[in-house]
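Provide a 3D model corresponding to the input given below.
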Amino acid sequence: MAAAQINLRPVDTSVGLKDKVYLALKSAITAMDIYSGNQAPKLDERRLAEDLGVSRTPIREALSRLAQEGLVEIIPRRGTFVARKSKQEILEIISVWAALESMAARLATEVATDEEIGQLRRLFVTFEGPNRPQARIDEYSDTNIQFHQRIIALSKSELLKKMADSLFVHMRAIRAQTITERDRADRSIIDHLHIIEAIEARNTELAERLVREHSFGLAEHINNYVDYLD
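Predicted coordinates:
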C-alpha cells in the first residue's frame, strides 16, 4: 500500500505564526490516512517548511507541541513520524470514543434543535436508493466522518468535544481505512439511519445505545479481521 501523504499550503505569516503553523500541521495530520501504508508516515522538516512557506524553526516548535499531544513521534537519529497505534491501543481508543459519542447522542436528544438534528439526515440524501455507498466509497467515507463529528457537535458540550478531538485523528483514520472492508459501508449507513431516527424522536436511551453499539461494531471488526495494526 502507498504511504500516506501530508497536504499543506502556505500559511499567512503576518500574525501568530507559531500557532498558525501548529494548527496547519495538526489539521493536515488529522486529514491523513495514517494506517493506509505499512509504516508510520515520516515528516520531513525541510519539506514542511517549504510547503508552508516558513522557516524550520516554527516547524520544529509545532512538531514538539504535536509530540506532546501524542500525534507525532520524534525519534533521535531517525526523524519525526506521525504516531500510529497498535491494534490494542486502537481498541482502547474506540472504547473511550464509544463512551463519548454515545453521551453526545444522549445530550443531542435533549439540547439540539430540530434544524440541527435535521442536518444529520441531509448528509445521506445522496446515498439513498440506487446510490449505494459502496458505489461512491470515497465520498461516503468523508460523509461517515462528518456524521460522527456532527453528533459530537450536537452535544453542545465544549469539554466533551475537546476530549473527543484528542482521539479524532485515530478514529478518523481507522474509520477511513476500514470502511471499504467486508461491506462495512452498507452496514454503516443502516446503523446511521437508525441512529438518526432515534435522535429525531428524541429517544434518549435508544440513541445512546445505538451509537455505542455502532462503535463496538467497529471494534469487533478490527479485532476479528484487521491484521495491519499488529
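
any weak-confidence spans in this protein?
1-4, 12-15, 128-135, 230 (pLDDT under 70).

ok, now with 90
Residues of the chain meeting the criterion pLDDT under 90: 1-17, 30-40, 69-70, 124-141, 165-166, 168-169, 173, 176-177, 179-187, 227-230.

next, count neighbours for the closest residue to residue 161 other than its chain neighbours.
Spatial nearest neighbour of residue 161, excluding adjacent residues (C-beta to C-beta, 6 or more residues apart in numbering): residue 152 at 5.6 Å. Backbone N, C-alpha and C define where each C-beta goes, glycine included. A count of neighbours around residue 152, defined by other C-beta atoms under 10 Å, yields 23.

so what does residue 152 have for phi and psi?
Phi and psi for residue 152, reported as degrees, to the nearest 10, are phi -60, psi -40.

give me the contacts around stretch 88-105.
For stretch 88-105, contacts defined as C-beta atoms under 8 Å, 6 or more residues apart in numbering pick out 85, 148, 151-152, 154-155, 157, 160, 163-164, 167, 170-171, 174, 195, 198-199, 207-212, 215-216, 218-219, 222-223, 229.

mind listing what's buried in it?
For stretch 88-105, the neighbour count (16 or more other C-beta atoms under 10 Å) marks 90, 91, 93, 94, 97, 98, 100, 101, 102, 103, 104, 105 as buried.

just the CA atoms of it, as PDB, please.
Provided in PDB are the C-alpha atoms of stretch 88-105 (Å, rounded to 0.1, in the frame of the first residue of the first chain):
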ATOM      1  CA  GLN A  88      -4.800  -3.000  21.300                       C
ATOM      2  CA  GLU A  89      -4.400   0.800  21.500                       C
ATOM      3  CA  ILE A  90      -6.900   1.400  18.800                       C
ATOM      4  CA  LEU A  91      -9.500  -0.900  20.500                       C
ATOM      5  CA  GLU A  92      -9.000   1.100  23.700                       C
ATOM      6  CA  ILE A  93      -9.400   4.400  21.800                       C
ATOM      7  CA  ILE A  94     -12.700   3.000  20.300                       C
ATOM      8  CA  SER A  95     -14.000   2.100  23.800                       C
ATOM      9  CA  VAL A  96     -13.400   5.600  25.100                       C
ATOM     10  CA  TRP A  97     -14.800   7.100  21.900                       C
ATOM     11  CA  ALA A  98     -17.900   4.900  22.300                       C
ATOM     12  CA  ALA A  99     -18.500   6.400  25.700                       C
ATOM     13  CA  LEU A 100     -18.000  10.000  24.500                       C
ATOM     14  CA  GLU A 101     -20.100   9.700  21.300                       C
ATOM     15  CA  SER A 102     -22.900   7.800  23.000                       C
ATOM     16  CA  MET A 103     -23.100  10.600  25.600                       C
ATOM     17  CA  ALA A 104     -23.000  13.200  22.900                       C
ATOM     18  CA  ALA A 105     -26.000  11.400  21.200                       C
END
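
OK, contacts around residue 28?
Per C-beta under 8 Å, 6+ apart, neighbours of residue 28: 6, 7, 8.

and the gap between it and residue 102?
Computed with C-beta to C-beta, to the nearest Å, the distance linking residue 28 and residue 102 is 29 Å.

the helix or strand harbouring residue 67: which residues count as buried?
Here residue 67, judged by DSSP states H and E, is contained in helix 56-68. Neighbour-count burial for helix 56-68 flags 58, 59, 62, 63, 65, 66 (criterion: 16+ other C-beta under 10 Å).

elements contacting that helix?
The contact analysis (3 or more C-beta pairs under 8 Å, 6 or more residues apart in numbering; DSSP states H and E) places helix 56-68 against helix 17-30, helix 45-52, strand 72-75.
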